[in-house]
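Visitor: The sequence isn't on hand, but the structure is:
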């Protein structure tokens, strides 16, 4: 059932777009006049863009994530830089990128900056940086990225998940202590 549901969503959005084209054309044909034809011609570019967007494959390549500094201790701040390339031949209006399956504590540490929106057009290379502050010790795993593309009105919405698993370790804080040996008498 989980595999069938996205297919129904995609087919449903395509049917909705075609239905909107037919309804506006029928309105213009039967009503006549300037207003109805103006409405039809002003909606056609948006409907065609939505229709083509629902058919075009989304190609995202070269996804990389860089964590600085490479050694992180408890309480430190880590800067995460995400870079990727958009190889889609179709111009995209905007692209939303979100980290997937992050722990709740990451949401708190990143102050809600684990997603970003890009206004794409024909642009190919993207980079985005966010900070994770006041980290607790332990092993943390990034699962991947979710890319969402939609049209002007949300009629066609496309989602692509790119698995880019990466793990980093936050080490415990090390504090140096001064150690002075107590003098012993008689080797005791």
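Guide: Perfect, I can see it now. All values derive from a computational prediction rather than experimental measurement.
Visitor: Where does pLDDT dip in the protein?
Guide: 1, 103-112, 182-188 (pLDDT under 70).
Visitor: need the next SSE after the longest helix seen in the chain, C-terminal direction.
Guide: Ranked by residue count and defined by DSSP state H, the top helix of the chain is helix 4-31. Scanning forward in sequence from helix 4-31 by DSSP states H and E, the next helix or strand is helix 33-55.
Visitor: ok now that following helix, how far from the chain's centre?
Guide: Taking the mean of its C-alpha atoms, helix 33-55 sits 28 Å from the chain's own mean (C-alpha atoms, centre = their mean, to the nearest Å).
Visitor: For this structure, just list every one of the strands.
Guide: 60-68, 72-73, 78-86, 92-100, 115-121, 125-132, 138-150, 157-171 (DSSP state E).
Visitor: Residue 69 contacts residue 80, doesn't it?
Guide: No. At 11.5 Å, residue 69 and residue 80 do not qualify as touching, with contact defined as C-beta atoms under 8 Å. Using the backbone N, CA and C atoms, a C-beta is placed for each residue, glycine as well.
Visitor: ok, the two, which is more surrounded?
Guide: Neighbour totals were compared for residue 69 and residue 80, and residue 80 leads with 21 against 10 (other C-beta atoms under 10 Å).
Visitor: could you redo the strands of the chain as TSV and give each row distance to residue 38?
Guide: As requested, the strands of the chain are arranged in TSV below (distance: least, C-beta to C-beta, whole Å):
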stretch	distance to residue 38
strand 60-68	38
strand 72-73	59
strand 78-86	34
strand 92-100	23
strand 115-121	27
strand 125-132	37
strand 138-150	26
strand 157-171	28
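Visitor: Tell me which of the ones you listed sits nearest to residue 180.
Guide: strand 72-73 (26.1 Å; C-beta to C-beta).
Visitor: Who does the residue most central in space within the chain form a beta bridge with?
Guide: Centroid-nearest residue in the chain, with C-alpha atoms, centre = their mean: residue 97, separated by 1.5 Å. Under DSSP bridges, the beta-bridge partners of residue 97 are residue 116, residue 147.
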